[in-house]
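Q: Here is the input, now give the coordinates:
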Amino acid sequence: MTKRLATTVLRNAHVITFDPARPRASALAFRGGRLIAVGGDEVLEQAGPGAEVRDLDGATVIPGINDAHAHMEREGLKQRRPSLAGVRNVADIVARVRAAARTTPSGDWIVTMPVGTPPFFFDGPQTLEEGHVPDRYELDAAAPDHPVYIQGVFGNWGQPPGYSALNSRALALNGITRDTAPRIAGVEILKDTAGEPTGVIIERNNRPTVEFDILPAVPRFGFQDRLEGVRLSQKLYNAKGTTSIYEGHGSAAESISVYRQLWERDELSVRVGLVVSPSWSDVAEARRIMRDWLASARGSGLGDGWLRVSGIHIAYGGDAATACCARAHLPDTGWSGFVEQAVTPADFREAAFLAAEHELRLHTIVSDKLHEIVPVLEAVNERHPLHGRRWVIEHVGRTSAADLAALARLGVLVTTIPTYFLWKGGARYLAEAEDGDWIVPHRHILDAGIPLAIATDNIPYDPFFTLWVACARQERLSGRVIGPDQRLDVETALGLFTVAGARLSFDETWKGPLKPGYAADVVVLSHDPTAVPLEDIRAISARLTIVDGRIVHDVT
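A: Numbers count the residues shown, from 1 in each chain. Here you go, the predicted model:
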């Protein structure tokens, strides 16, 4: 048999392999998307004629980042609308809108991103010199021939309240008058002393609902927008070292269609694992859809090493009015990419039994309600043993020893969003008992033997920010540490952000660690995260990203 020689060799590197048989190496060789040798200088012997040999001058190499709760499509969509970053006052905003009007056909919409500095938008309208967004009349002056909409902040980026602003044309096209009453709680139309809308709308909900509720005329993201958005998102995620994503929060039919088209065209540069976000209205319809239409998502699902669809996401809780308004706009899902759900505890329990009956992996976000979900899982397990089904509990916030022990017994997988709960939203846990030791308790989860992966949730999409949070666990305003004993060492956290996520997509037998026979999904870093001061981890970047043996990002 002819020996297969490598087409690419990376040498003189500090390789963190996450292969217990050889945790460290200095060279890698790969061919046809797979690693064929991992070791020292002897790897050079595997180089074939004409092979590319790269001397990395001691740079650190890790497996590709596997973002286990990515919301990747959002990042590219942000680039589809003009940014207001850097504005200091209403005059600056008006100038941006006026500039957009000069290049926008008369009558077409001008829709911008929120006021504030991306990616977090914490410094919203309150930091403007006037302390507020422009009103309808100021926007009328900037673009008298266009409807204008300045979007309020999306709660996952910043924090409510969000402030949207529309000019008179936009208000008229949406039918907003002095008598308009929002259907969803938390949405307020500001009015002047005469009772007329000022053009400013306040959104106090974490997830944006105002467009679904009272702004039906605002342009939606269409299929082509989402397609181009994902194309750009892939480049951005690759540039951060991300080679795989998992969308455990679920993807609506249109989002799945976008990824399917890119997959069919061989345009994916990120490996994608998707979960179905169903649009059924009640449990009876859920039973029919699970039985008759979701066979392709059963078990490990269908797909290949680039795109796989498996399982369903079923919410626990949710607002009925929000779900109703949002579903009326399908296939558009706004920024979420998933179908809004409102599921009562009783309906969740019945849907969980149905999912087990039809071999559909259940994914659900628990936040601080794990104690309510665990009894449902235990009841399901008595009739349909869950071991081996790889059900996934996501967005874990508050926990207990008993609940973690139950998850371990049931063989349930867990994903966490440390940035969301510890840094961005950690203020609500500062007075927690035991110094917050049971809030996103990574050490306790690992000690319980529960398969764990960590993720960005696109807040921000930079994995090294999330890596820092998992190790530092500092609340953003006070700097206080939540659960000091739950802080991870960098290498452990890095493993949870690279190799651990492969189990979610049933890929752990060929993807993850840097070992012979496994995927050549490789990242060369600007600095060694295990050697730099903890604070400096946030500044780490990817110099070279390789997926399936193909370079997708290169600044070396």
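Q: Break this protein down into its structural domains.
A: By the record's domain assignment, the chain is partitioned as 81-214, 223-552 (automatic domain parsing).
Q: For residue 330, the count of nearby residues, please.
A: Residue neighbour count, defined by other CB atoms under 10 Å, stands at 13 for residue 330. Any C-beta I mention is one placed from the backbone N, CA and C, and that applies to glycine too.
Q: What of residue 195?
A: When neighbours are counted by other CB under 10 Å, residue 195 registers 9.
Q: So it is in contact with residue 178, correct?
A: Yes: using CB atoms under 8 Å, residue 195 is in contact with residue 178, at 4.9 Å.
Q: Could you report the pLDDT at residue 126?
A: What the model reports for residue 126 is a pLDDT of 87.
Q: Three-state assignment for the nearest residue to residue 253 once chain neighbours are set aside, please.
A: Nearest non-adjacent residue to residue 253, counting by CB to CB, 6 or more residues apart in numbering: residue 331, 6.4 Å away. Under the three-state scheme (DSSP: H, G, I helix; E, B strand; the rest coil), the conformation of residue 331 reads as coil.
Q: wait, what's in contact with residue 331?
A: Remark: with contacts taken as CB atoms under 8 Å, 6 or more residues apart in numbering, residue 331 is in contact with 223, 252, 253, 254.
Q: do that again at 10 Å, thanks
A: Applying CB atoms under 10 Å, 6 or more residues apart in numbering, we find residue 331 in contact with 220, 221, 222, 223, 226, 252, 253, 254, 255, 257, 279, 339.
Q: ok, how many other residues are close to the residue lying closest to the fifth one once chain neighbours are set aside?
A: Distances taken as CB to CB, 6+ apart place residue 258 nearest to residue 226, at 4.8 Å, with adjacent residues excluded. Neighbourhood size, residue 258 [other CB under 10 Å]: 23.
Q: Give the other helices and strands that the longest helix along the chain contacts.
A: The helix that spans the most residues within the chain, counting by DSSP state H, is helix 223-239. Contacts of helix 223-239 with other secondary structure elements, assessed using 3 or more CB pairs under 10 Å, 6 or more residues apart in numbering; DSSP states H and E, are made with strand 65-67, helix 72-78, strand 242-251, helix 253-264, strand 542-547, strand 550-554.
Q: From the chain's centre, how far out is the second one? Work that out for me.
A: When C-alpha coordinates are averaged (CA atoms, centre = their mean, to the nearest Å), helix 72-78 and its chain have centres 10 Å apart.
Q: can you tell me the average pLDDT over that helix?
A: For helix 72-78, mean pLDDT rounds to 95.
Q: got the CA positions of that helix in CSV?
A: These are the backbone C-alpha positions of helix 72-78, laid out as CSV (Å, rounded to 0.1, in the frame of the first residue of the first chain):
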residue,chain,number,x,y,z
MET,A,72,-23.6,32.8,14.2
GLU,A,73,-26.0,34.3,11.7
ARG,A,74,-26.5,37.4,13.8
GLU,A,75,-23.0,38.7,13.4
GLY,A,76,-23.2,39.1,9.7
LEU,A,77,-26.7,40.6,9.9
LYS,A,78,-25.3,43.4,12.1
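Q: Contacts for the helix or strand following it, please.
A: Past helix 72-78, further along toward the C-terminus, the next helix or strand under DSSP states H and E is helix 90-103. With contact meaning CB under 10 Å, 6+ apart, helix 90-103 is reached by 81-87, 89, 104, 108, 110-112, 115, 125, 128-135, 138-139, 141-146, 148, 150, 165, 167.
Q: Then stretch 286-303?
A: With contacts defined as CB under 10 Å, 6+ apart, stretch 286-303 is touched by 256, 259-260, 263, 271-276, 278-280, 307-312, 314, 343, 347, 350-351, 354-355, 357-361, 388-390, 505-507.
Q: buried ones in that stretch?
A: Using 16 or more other CB atoms under 10 Å as the test for burial, stretch 286-303 gives 286, 287, 289, 290, 294, 297, 298, 301, 303.
Q: What about these, which are in helices?
A: Per DSSP H, the buried residues of stretch 286-303 map to helices at 286, 287, 289, 290.
Q: what's the closest of those to residue 235?
A: Ranked by distance to residue 235 (CB to CB), these are led by residue 289 at 35.0 Å.
Q: give me the low-pLDDT residue ranges for the stretch 301-450 of the chain?
A: Scanning the stretch 301-450 of the chain for pLDDT under 70 picks out nothing.
Q: Check for me that residue 9 belongs to a strand.
A: Yes: according to three-state DSSP, the state of residue 9 is that of a strand.
Q: and it, what does it touch?
A: Here residue 9 is in contact with 27-31, 36-37, 43-48, 51-55 (criterion: CB under 10 Å, 6+ apart).
Q: Filter these down to the buried ones and hand me the ChimeraX line.
A: With 16+ other CB under 10 Å as the criterion, this ChimeraX line picks the buried residues out of these:
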select :27,28,29,30,31,36,37,43,44,46,47,54
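Q: wait, doesn't residue 469 sit right on residue 418?
A: Yes: here residue 469 lies in contact with residue 418, judged by CB atoms under 10 Å, at a distance of 4.5 Å.
Q: Next, show the common contact partners of these two.
A: Common neighbours of residue 469 and residue 418, counting by CB under 10 Å, 6+ apart, are 424, 426, 440, 454, 456, 488, 493.
Q: Include distance to residue 94, secondary structure and neighbour count when you put the residues you listed into a markdown table, please.
A: Converted to a markdown table, those look like this (distance: CB to CB, whole Å; DSSP: H, G, I helix; E, B strand; the rest coil; neighbours: other CB atoms under 10 Å):
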| residue | distance to residue 94 | secondary structure | neighbour count |
| --- | --- | --- | --- |
| 424 | 31 | helix | 23 |
| 426 | 36 | helix | 27 |
| 440 | 42 | coil | 27 |
| 454 | 42 | strand | 30 |
| 456 | 34 | coil | 30 |
| 488 | 47 | coil | 21 |
| 493 | 45 | helix | 23 |
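Q: how about these in a markdown table, adding distance to residue 404?
A: Rendered in a markdown table, the data for the shared contacts of residue 469 and residue 418 read as follows (distance: CB to CB, whole Å):
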| residue | distance to residue 404 |
| --- | --- |
| 424 | 23 |
| 426 | 20 |
| 440 | 12 |
| 454 | 16 |
| 456 | 23 |
| 488 | 16 |
| 493 | 19 |
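Q: Let me know the pLDDT of residue 153.
A: Residue 153 is assigned 87 on the pLDDT scale.
Q: Where does it sit, in terms of helix or strand?
A: Assigned by DSSP H and E, residue 153 falls outside every helix and strand.
Q: I'd assumed residue 159 was in contact with it.
A: Yes: using CB under 10 Å, residue 153 makes contact with residue 159 at a distance of 7.5 Å.
Q: and the two? which has more neighbours close in?
A: Looking at residue 153 and residue 159 with other CB under 10 Å, you find the greater number of neighbours at residue 153, namely 24 against 16.
Q: So the more buried one versus residue 84, what's the distance?
A: If you measure residue 153 against residue 84 using CB to CB, to the nearest Å, the figure is 11 Å.
Q: got it, and residue 466?
A: Taking CB to CB as the measure, residue 466 and residue 84 are separated by 26 Å.
Q: same thing with residue 226?
A: 22 Å.
Q: Look at the two and report which has more neighbours.
A: Neighbours were counted for residue 226 and for residue 84 using other CB under 10 Å; residue 226 has more, 25 against 21.
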